[in-house]
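**Student:** Generate a structure from the sequence data that follows.
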Amino acid sequence: MTGRLWTPTRRGIVLGGAALAAIRPGWAVDGERHGLSSFGELKYPPTFERFDYVNPMAPRGGRFSAQLAGTTGNQAFNTFNTLNIYVLRGEGAAGMSLTFDSLMVRALDEPDAVYGLVARAVTVSPDGLTYTFLLRPQARFHDGSRLTARDAAFSLKLLRDQGHPEIAEVIRPMTDARAEDDARLVVTFAAGRARDLPLFVTQLPIFSAAYYGARDFEASTLEPPLGSGPYRVGTVDVGRSIGFERVPDYWAADLPVNVGQNNFDAIRYEYFRDRTVAFEAFKSGAFTFREEFTARVWATGYDFPALKEGRVTRETVPDARPSGTQGWWINTRREAFRDPRVREAIGLCFDFEWSNKNLMYGAYTRTASFFENSDLKATGKPSAAEIALLEPFKDLPSEVFGEAWTPPVSDGSGQDRALLKRADALLREAGCTRQGGSLVLPGGRALTIEFLDDDPVFDAVTQPFIRNLGLLGIKASLRVVDPAQYQTRLKDFDFDVSPRRYSSGLTPGAELRETYGSRAAATTGSNNLSGIASPAIDALLTAIADAKSRADLTTACRALDRVLRAGRYWVPMWYGSTHRLALWDVYGRPETPPRYDLGAPGTWWFDADKAKRIGRD
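**Tutor:** Numbering: from 1, shown residues only. Have a look, this model is predicted:
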């Protein structure tokens with residue numbers, strides 16, 4: 001799952017799996033199941049009334065306002081020009097997933113479990129390749145028309161054939177989706193399908209076949225779509241803000257998966273092209289929920305009147321999810337970056353210790369793993385089970401079979417001579433030479449690097465990095481372009497190096513192929529920015545997707561982590577294990593929060609008494 005973020009992101013779709021070959025805990029006698037999980041275990045029984053992390057008595061009303069904190073599909077952080085986030089074209093608006101329902105929805109206090117929303121139950125064939133979803137007859141679109149299995153089948157095939165690569169590439173092994181009647185949807189998968197593919201399918205949006213049958217699904221559009229979810233599109237100010245209105249007669253409001261949720265009458269997302277302007281807007285009350293992603297601002301910026309007067313509060317909240325992979329991704333499609341020794345030398349020029357101390361107030365820890373802050377991270381030497389997965393690939397670097405690679409710790413000077421000397425040696429080993437003040441590649445061209453971004457937020461960190469590269473004769477520069485150009489260049493892989501953060505769920509699976517798989521490397525618009533194409537990695541991705549137990553999954557992820565680290569495909573940045581929240585004091589929230597999510601805005605509510613106290617009613 002992706003998002004170019006500098007702290008953990010929340011995805012609209014969280015991936016898991018459903019490897020089912022026999023009756024598991026939670027199955028009813030007749031084979032119907034009210035939920036799915038990767039390895040068959042469910043916390044909530046068929047008769048559950050609500051999730052444990054909600055307040056069933058939460059009041060309804062008021063409003064929630066924030067900035068977009070994570071992206072999915074074609075979304076960008078600082079602008080939007082389309083309301084269709086499920087295709088490649090355009091920059092999608094925040095919050096659009098609020099307008100669509102899905103077959104099932106995720107429980108935020110379990111690693112990967114989903115429970116019935118549009119589908120009241122599901123049955124699975126003995127071979128695990130055919131899933132039959134039994135739909136609720138009361139499901140409705142916002143215009144009152146019935147949501148049927150035909151709409152669901154239409155939607156799944158549409159997303160497979162025309163959807164954004166984030167979705168289309170994952171669900172390609174879905175061979176068919178058909179409606180037996182209005183209430184029975186049959187979805188079939190190819191033999192060898194990924195363990196998590198059925199669970200992913202259950203969380204995709206359901207569109208109206210009548211509505212989209214008369215429209216170009218792949219078009220960029222500002223027409224509010226016909227949905228079925230708890231909210232509908234309200235006011236749209238293109239590129240500046242988008243508002244959503246709670247649907248008062250939402251058909252699923254009282255289902256167990258929705259009790260205590262969707263409490264705000266209105267939700268609004270604000271857009272700003274400049275982060276300083278955004279912070280000033282928050283301080284003035286233009287929006288009321290902010291997750292702070294800049295350590296310097298968190299350390300020095302929260303001294304404004306509203307905070308001193310108690311009208312704004314701030315807090316840190318633990319984040320139990322994997323932190324994701326944040327770093328500068330190196331485009332190996334370019335000849336200059338195909339040698340891993342060159343890529344490693346580039347990475348040695350980034351002095352994290354100096355940057356963390358002098359620019360980020362010591363707020364972060366260096367990222368080392370592609371599964372940082374989780375049990376999936378490789379540590380020490382590989383286990384016997386990991387070696388069994390790795391040994392068939394004789395051309396893997398020897399370090400894969402030794403201690404897991406970690407980025408070196410600098411002396412914190414900003415120009416660690418030992419690391420720069422090591423970088424210079426690697427470049428010479430790769431056949432590079434110095435000609436005057438320039439480093440020249442074996443083919444005779446000077447090595448140049450353009451760091452591409454659409455936000456200057458990393459400028460203070462990137463410039464010292466660039467200066468160190470210059471000491472080796474590498475001509476590097478930072479180019480900040482407008483969001484539309486940025487998205488286009490990333491989609492076309494027209495860049496040297498670019499920052500991005502990828503996140504995955506607690507049970508990663510087939511979605512990893514879209515980030516690290518060989519097929520994705522050649523797919524326009526995929527998340528495989530580095531162009532990673534390796535038979536060993538592809539085999540490990542299959543092992544992850546097909547894992548039959550959490551132990552097998554952990555082993556395969558750790559093996560993949562070792563191979564990816566050895567490839568030096570990125571320059572790892574940093575991570576934090578908490579959310580830093582600043583709030584205008586108008587919100588209420590459940591006493592027991594969900595373990596794997598903030599729960600905002602879904603489980604929060606507008607507290608009218610608090611709002612009146614600070615003059616925000």
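**Student:** Can you get me a residue count around the nearest residue to residue 405 once chain neighbours are set aside?
**Tutor:** Closest residue to residue 405 apart from its sequence neighbours, by CB to CB, 6 or more residues apart in numbering: residue 565 at 4.4 Å. Glycine gets a C-beta too; all of them are placed from N, C-alpha and C. The number of residues packed around residue 565, counting by other CB atoms under 10 Å, is 22.
**Student:** now swap in residue 162 and tell me
**Tutor:** By other CB under 10 Å, 15 other residues sit near residue 162.
**Student:** Okay, now the unreliable bits of the protein?
**Tutor:** Along the chain, the model assigns pLDDT under 70 to residues 1-30.
**Student:** where does the residue nearest to residue 405 land in three-state SS?
**Tutor:** Secondary structure for residue 565, judged by DSSP: H, G, I helix; E, B strand; the rest coil, is helix.
**Student:** From what I see, it and residue 377 are in contact.
**Tutor:** No: using CB atoms under 8 Å, residue 565 is not in contact with residue 377, being 10.1 Å away.
**Student:** joint contacts of these two?
**Tutor:** Residues touching both residue 565 and residue 377 (CB atoms under 8 Å, 6 or more residues apart in numbering): 368-369.
**Student:** Could you report the separation of the residue of the chain most remote from its centre from residue 426?
**Tutor:** Using CA atoms, centre = their mean, the residue of the chain lying farthest from its centre is residue 436. It sits 44.1 Å away. The gap separating residue 436 from residue 426 is 21 Å, by CB to CB, to the nearest Å.
**Student:** Equivalent analysis for residue 211, please.
**Tutor:** For residue 211, the distance to residue 426 equals 56 Å [CB to CB].
**Student:** do the same with residue 285
**Tutor:** Residue 285 sits 52 Å away from residue 426, going by CB to CB.
**Student:** And residue 505, by the same measure?
**Tutor:** 35 Å.
**Student:** What are the boundaries of the strands in the stretch 351-500 of the chain?
**Tutor:** Using DSSP state E, counting those that start in this stretch, the strands found in the stretch 351-500 of the chain span residues 365-366, 433-435, 438-440, 448-453, 475-480, 497-502.
**Student:** so can I have JSON lines of those strands showing distance to residue 192?
**Tutor:** Output for the strands of the stretch 351-500 of the chain, formatted as JSON lines (distance: least, CB to CB, whole Å):
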{"stretch": "strand 365-366", "distance to residue 192": "38"}
{"stretch": "strand 433-435", "distance to residue 192": "48"}
{"stretch": "strand 438-440", "distance to residue 192": "46"}
{"stretch": "strand 448-453", "distance to residue 192": "37"}
{"stretch": "strand 475-480", "distance to residue 192": "43"}
{"stretch": "strand 497-502", "distance to residue 192": "25"}
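**Student:** Pick the most deeply packed of those strands.
**Tutor:** Compared across the strands of the stretch 351-500 of the chain, strand 497-502 shows the largest average neighbour count, a mean of 23 (mean count of other CB atoms under 10 Å).
**Student:** after that one, next one along is what?
**Tutor:** helix 513-516 (DSSP states H and E).
**Student:** CA atoms only for that following helix, dumped as CSV, please.
**Tutor:** Extracted in CSV, the C-alpha atoms of helix 513-516 (Å, rounded to 0.1, in the frame of the first residue of the first chain):
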residue,chain,number,x,y,z
ARG,A,513,4.1,-7.4,-6.1
GLU,A,514,2.9,-4.0,-7.2
THR,A,515,5.8,-2.4,-5.4
TYR,A,516,8.6,-4.9,-5.7
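**Student:** what does it rub up against?
**Tutor:** 2, 165-166, 169-170, 194, 502, 519-520, 526-528, 532, 537-538, 541, 545, 560, 564.
**Student:** Among those, name the buried ones.
**Tutor:** The neighbour count (16 or more other CB atoms under 10 Å) marks 2, 165-166, 169-170, 194, 502, 520, 526-528, 532, 537-538, 541, 545, 560, 564 as buried among the contacts of helix 513-516.
**Student:** hmm, back to that, just tell me which of the strands of the stretch 351-500 of the chain ends up closest to residue 590.
**Tutor:** Using CB to CB as the criterion, the shortest distance between residue 590 and those is 28.0 Å, found for strand 497-502.
**Student:** tell me which strands and helices the closest one is in contact with?
**Tutor:** Where contact means 3 or more CB pairs under 8 Å, 6 or more residues apart in numbering; DSSP states H and E, strand 497-502 is packed against strand 325-330, strand 448-453.
**Student:** Provide the contact partners of the first one at residue level.
**Tutor:** Counting contacts by CB under 8 Å, 6+ apart, the residues outside strand 325-330 that touch it are 5-6, 337, 343, 346, 350, 367, 369-372, 451, 496-503, 529-530, 568-575.
**Student:** now the angle from whatever helix or strand comes next after it to strand 448-453?
**Tutor:** Sequence-wise, the next helix or strand downstream of strand 325-330 (DSSP H and E) is helix 340-347. Interaxial angle, helix 340-347 versus strand 448-453 (axes from the mean of the first three to the mean of the last three CA atoms, to 10 degrees): 60 degrees.
**Student:** CA atoms only: put helix 340-347 into PDB for me.
**Tutor:** Extracted in PDB, the C-alpha atoms of helix 340-347 (Å, rounded to 0.1, in the frame of the first residue of the first chain):
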ATOM      1  CA  PRO A 340      24.400  -1.600  -6.800                       C
ATOM      2  CA  ARG A 341      27.900  -0.300  -5.900                       C
ATOM      3  CA  VAL A 342      26.900   3.100  -7.300                       C
ATOM      4  CA  ARG A 343      23.600   3.000  -5.400                       C
ATOM      5  CA  GLU A 344      25.400   2.100  -2.200                       C
ATOM      6  CA  ALA A 345      27.900   4.900  -2.700                       C
ATOM      7  CA  ILE A 346      25.100   7.400  -3.100                       C
ATOM      8  CA  GLY A 347      23.500   6.200   0.100                       C
END
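**Student:** which residues are in contact with that helix?
**Tutor:** By CB under 8 Å, 6+ apart, helix 340-347 touches 330, 332, 336-337, 397, 407, 422-424, 426-427, 429-430, 432, 447, 449, 469, 472, 474, 497, 566-572.
**Student:** And stretch 410-428, by the same measure?
**Tutor:** With contact meaning CB under 8 Å, 6+ apart, stretch 410-428 is reached by 341-342, 344-346, 348-349, 351-354, 357-358, 408, 439, 464, 467-468, 471-472.
**Student:** rewinding a little: indicate which one of the strands of the stretch 351-500 of the chain is closest to residue 605.
**Tutor:** strand 497-502 (29.8 Å).
**Student:** Show me where the stretch 201-350 of the chain has its helices.
**Tutor:** 209-212, 275-284, 295-300, 305-308, 340-347 (DSSP state H, counting those that start in this stretch).
**Student:** State the separation between the second one and the centre of the chain it belongs to.
**Tutor:** Averaging C-alpha coordinates over helix 275-284 and over its chain gives two centres that are 25 Å apart (CA atoms, centre = their mean, to the nearest Å).
**Student:** Over to the first one?
**Tutor:** Between the centre of helix 209-212 and the centre of its chain there are 28 Å (CA atoms, centre = their mean).
**Student:** If any of the contacts of stretch 410-428 are buried, put those into a PyMOL selection.
**Tutor:** Restricted to buried positions by 16+ other CB under 10 Å, the PyMOL selection for the contacts of stretch 410-428 reads:
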select buried, resi 341+342+344+345+346+348+349+351+352+353+354+439+464+468+472
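**Student:** Looking at residue 285 and residue 426, which is more packed in?
**Tutor:** A direct count of neighbours by other CB under 10 Å for residue 285 and residue 426 places residue 426 higher, at 22 against 16.
**Student:** could you measure that one against residue 344, distance?
**Tutor:** Using CB to CB, residue 426 is found at 6 Å from residue 344.
**Student:** what do you get for residue 306?
**Tutor:** With distances taken as CB to CB, residue 306 is found 47 Å from residue 344.
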